[in-house]
Structure formats: structure tokens, C-alpha cells
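[1] Everything below, folded, please.
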Amino acid sequence: MPRRISARICRLRPSATFKLDTAAKELQRQGVDVISFALGEPDFPTPKHICDAAAEAMAAGKTKYTPAAGIPELREAVAAKLSMDLGHEYKPSQVVISNGGKHALMNVWQCILEPGDEVVIISPYWVSYADQVELCNAVPKVIPTAADTDFQPDLDDVRAALSARTAAILINSPSNPTGAVLDRGVIEAMAEMALEVDAWIVSDEIYRHILFDGRSHFSAALVSDEVRARTIICDGVSKTYSMTGWRIGWLVAPEEVAKAAGNLQGQETSNPNSIAQWAALAALQGPQDCVEQMRAEFERRRDYIIKALEEIEGIKISRPGGAFYAFPEVSSFLDGRLKHNGEPIRDDLTFCEYLLTAARISVVPGSAFGADGYVRFSFATGLERIQEGLSRFRAALQT
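    Down below sits the predicted model:
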């Protein structure tokens, strides 16, 4: 008899975002017009100057192995940009380039967690956070929030979750899936709590350039010099520059963490794609007007989708301050009045399956993000498709 798959891997939950997207794509393959609000992927093409840089790198023969932690030029560019944005000096030796932001986060957890350690995570949370922590045999300590408080955590709840086993507090602002931007005071308080228990602050800032209503980004690294010395920032080019498939992210951390992550990556994947690294360098050093153009379009879409959802009786919605997600509460529609395959709908997953079959729209259940009774709409798709999709959504609720 062959050996079994490890229990650690068997505990992994399939991604609901990709599961529903797969079902939607199968319908599309059959010729069905499905409007997808499921994946967090900008619909804009990667800007031309970035693609040109990749072609130039290939023509120049930059197709070989690079240092495991990334090409020096890109590490320098990441450090320089973060230094400029935050007003504090970061060194290239603090930067590790990875195969996307998700890989950067996994590197972080493997470097800072021991079995039995705890990580404080604000819910709703991105689907991979808890699974990544559990893969390291550590324990997610989840702090629930809700739409009626704009998904701001209760600081008393955060403090109550801390213990001698707390290894890190995770901050994701703007948030996936809610689009919530944490109040500065909340970030400051959480950072100070992390210091009190000698924990790391892991700050996922992948959406920091997609902010609305004139907001500016506030990083935990700005709280104090002491906090900055305990803060690990994860970021990348995927969302800001519409480069999801290029798979370039990074972590910026105290040098001992960066060195450990570089060593880990050297044994794990070796270097990220060489061509994609040169493209990412062009993204950071090239014209930035494309970033503002995409941000402004996301804000225009945000305004439309929130207004449309607010007009639907029974929907509760918090106005997202960033990213490209709306996260309405739909619990009032889970009372059994709607039916899917002849059965009353009483949970958000069945609700999403119903929307896919009845309305031909694909959204993601809130339970995938640790928040039952919600659904996530990504507005990273064209406005006309958003308008048609919401029209179908309204009609499905009135059935």
C-alpha cells in the first residue's frame, strides 16, 4: 500500500474563489454568458512599457538564473520606493523578491512561526491567511468584524486574543475581501499591542496604491522606530500594475528575517522568473500615470456598485475605502425563500451557487473569508459588465 498524503496537507481547504471561478469558466466554455465578480484580478492589460521591458530583457539574454532573493536592481528599486513612500530608509538587504505576494507571505510565516504559535487575524480575511498559518502548524486567532462597524476591529477583542504564544498580528489594509481601510488609530493600537507581547507585525500592503476618497496609505511601519523594527511588509506588482500573472511580489523586513527568507527561498523555489523581475523593475521605475488611471477607474466602479447595492432592500453594505471589492451582507436572503435545485437556500455558498445557475453571475461566499452571510463582489471588470451583472443580481433576488 502506498504511503498516505501528510495530514498537514490534507487539512488544506480548496480555495472557494478558484472553485467557483472554475465552475463559471466551464459554463463559459459551453457558450453561456457568465459575468464573473469572483477573482481579484484587474481587467486592464499590463501597461505597454512593462511588457516592452520584458521583451527587451529576453532579447538581451537575461534568461538565466538570478540570485535567489532577486536581481539586485529590483531589490534596490523596492527599497528606494518604500523609503520614498514611508519617509524612512530601507536597504536592499531587507528585500526578498518572491514568486508573488502569496509566496512572500508564506516565506514570512515559515521564517517566524514555531508549532503552536498564534497569529491574530482580522476577519473577514483573505482566503489563504489561515491556511498558510496552519501549514506552519501554528494557530490562527480570528477577530470577527462586521459591516455595521465598517469592518474595524474592536481593540478589546484584539487584546483578549493575545497570549504568550502570540507570534504575530496580521494587518491587511486596504482589505481583501472587504475593501476596508483600517483607521490610523486602530493600526497604531494593534502595533503597540504587538510590542507588548514581543510579536511581529505582518502588514500585507498589496492594495496600498488603490485607495479612494482622497485617502492616503498608513503603514504600521510609520507608528514608531520600535514598531518599524518589528514590522514585515508584503507587497508586489500584481494589483497596482495589473501584473497578476507575472508572479512578482516581495517582503521587506528586518535584515535577519530577510536573510532567513532568502535562504529558505534558495532551497524552496530558487529565484523568481528572471524576465518578470526585469518587467517589475520597469513597473517601479517607469511612468506611474497608469497606476492613477487604474485607481480612478476602480473608484468610478466602486461608486456605481455601492450605490446599486444600497438600493436593494435587505442588503447591508459598507463603503469600501480601497482595493476593488464590495462585501455586502446578504443574510436576510438566507431564510429559505429562495431555492436552489428545489431546496431552500440557508447559507452563503448555496446562495452563490444559485446566483451562478439562475443569474449567470459568479460571486464568492463570505464563508470562504471567515464571514458567513456575506458575498464578495470584485469590481475588477468593466463597468458595462458590472451594470448588467447587478441587474441580474437584483432579478435573482426577486424570484
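[2] Let me see the ranges of the helices in the chain.
    7-10, 16-29, 48-59, 72-86, 101-112, 128-135, 155-161, 184-196, 225-228, 255-268, 274-285, 289-310, 348-354, 383-397 (DSSP state H).
[3] neighbouring contacts of the second one?
    Residues external to helix 16-29 that are found in contact with it (C-beta atoms under 8 Å, 6 or more residues apart in numbering): 34, 36, 38-40, 127, 349, 352-353, 356, 360, 362-365, 367-368. Where you see a C-beta, it was placed from the backbone N, CA and C, and this is true even at glycine.
[4] mind redoing it with 10 Å?
    Surrounding helix 16-29, the residues in contact under the criterion C-beta atoms under 10 Å, 6 or more residues apart in numbering are 13-15, 32-41, 126-128, 176-177, 348-349, 352-353, 355-357, 360-369, 376, 378.
[5] For the residue nearest to residue 44 when sequence neighbours are not counted, grab the count of nearby residues.
    Using C-beta to C-beta, 6 or more residues apart in numbering and skipping the chain neighbours, the partner closest in space to residue 44 is residue 242 (4.4 Å). If you count neighbours by other C-beta atoms under 10 Å, residue 242 ends up with 22.
[6] follow-up on the earlier one: looking at the helices of the chain, which is nearest to residue 94?
    helix 255-268 (5.0 Å; C-beta to C-beta).
[7] other SSEs contacting the closest one?
    Judged by 3 or more C-beta pairs under 10 Å, 6 or more residues apart in numbering; DSSP states H and E, helix 255-268 is in contact with strand 95-98, helix 101-112, strand 231-236, strand 249-252.
[8] and residue 5, which of those is closest to it?
    Nearest to residue 5, of those and by C-beta to C-beta, is helix 101-112 at 19.0 Å.
[9] Residue 70 contacts residue 103, doesn't it?
    No - assessed by C-beta atoms under 10 Å, residue 70 is found out of contact with residue 103, at 11.8 Å.
[10] any residues in contact with both of those two?
    96, 97, 248, 250, 265, 272.
[11] Let me know the distance separating the fifth one from residue 159.
    Read it as residue 265. Distance, residue 265 to residue 159, by C-beta to C-beta, to the nearest Å: 34 Å.
[12] picking up where we left off before, farthest pair in the shared contacts of residue 70 and residue 103?
    248 and 265 (13.0 Å).
[13] where's stretch 229-247 relative to the chain centroid, distance-wise?
    9 Å (C-alpha atoms, centre = their mean, to the nearest Å).
[14] Quick check on residue 70 and residue 103: which one has the bigger neighbour count.
    Comparing residue 70 with residue 103 by other C-beta under 10 Å, the one with more neighbours is residue 70, at 26 against 23.
[15] Next, format the shared contacts of residue 70 and residue 103 as a markdown table and append pLDDT, neighbour count and distance to residue 207.
    Formatted as a markdown table, the shared contacts of residue 70 and residue 103 follow (pLDDT from 0 to 100; neighbours: other C-beta atoms under 10 Å; distance: C-beta to C-beta, whole Å):
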| residue | pLDDT | neighbour count | distance to residue 207 |
| --- | --- | --- | --- |
| 96 | 99 | 30 | 20 |
| 97 | 99 | 28 | 19 |
| 248 | 99 | 28 | 16 |
| 250 | 99 | 31 | 15 |
| 265 | 98 | 25 | 24 |
| 272 | 99 | 27 | 21 |
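[16] got the contact list for the residue nearest in space to the middle of the chain?
    When C-alpha atoms, centre = their mean is applied to the chain, the residue found nearest the centroid is residue 176 (4.8 Å). The contact partners of residue 176, by C-beta under 10 Å, 6+ apart, come to 17, 40, 124-129, 204, 206-207, 239, 322-325, 327, 369, 376, 378.
[17] do the same with residue 145
    Contacts of residue 145 (C-beta under 10 Å, 6+ apart): 122-125, 151-154, 157, 175, 178, 180, 182, 318, 370-371.
[18] Quick check: buried residues in stretch 62-80?
    Using 16 or more other C-beta atoms under 10 Å as the test for burial, stretch 62-80 gives 66, 68-71, 73-80.
[19] And the furthest pair within those?
    Farthest pair in those (C-beta to C-beta) is 68 and 80. Separation: 21.0 Å.
[20] Any idea how many residues pack against the nearest residue to residue 131 once chain neighbours are set aside?
    Distance criterion C-beta to C-beta, 6+ apart; nearest residue to residue 131, sequence neighbours excluded, is residue 12 at 5.8 Å. By the criterion of other C-beta under 10 Å, residue 12 has 11 neighbours.
[21] Generate a ChimeraX selection restricted to the buried subset of the contacts of residue 145.
    Only the buried entries of those go into this ChimeraX selection, using 16+ other C-beta under 10 Å:
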select :122,123,124,125,151,152,153,175,178,180,182,318,370,371
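[22] So residue 64 versus residue 192, what's the distance?
    Counting by C-beta to C-beta, the gap from residue 64 to residue 192 is 46 Å.
[23] All set now, cheers.
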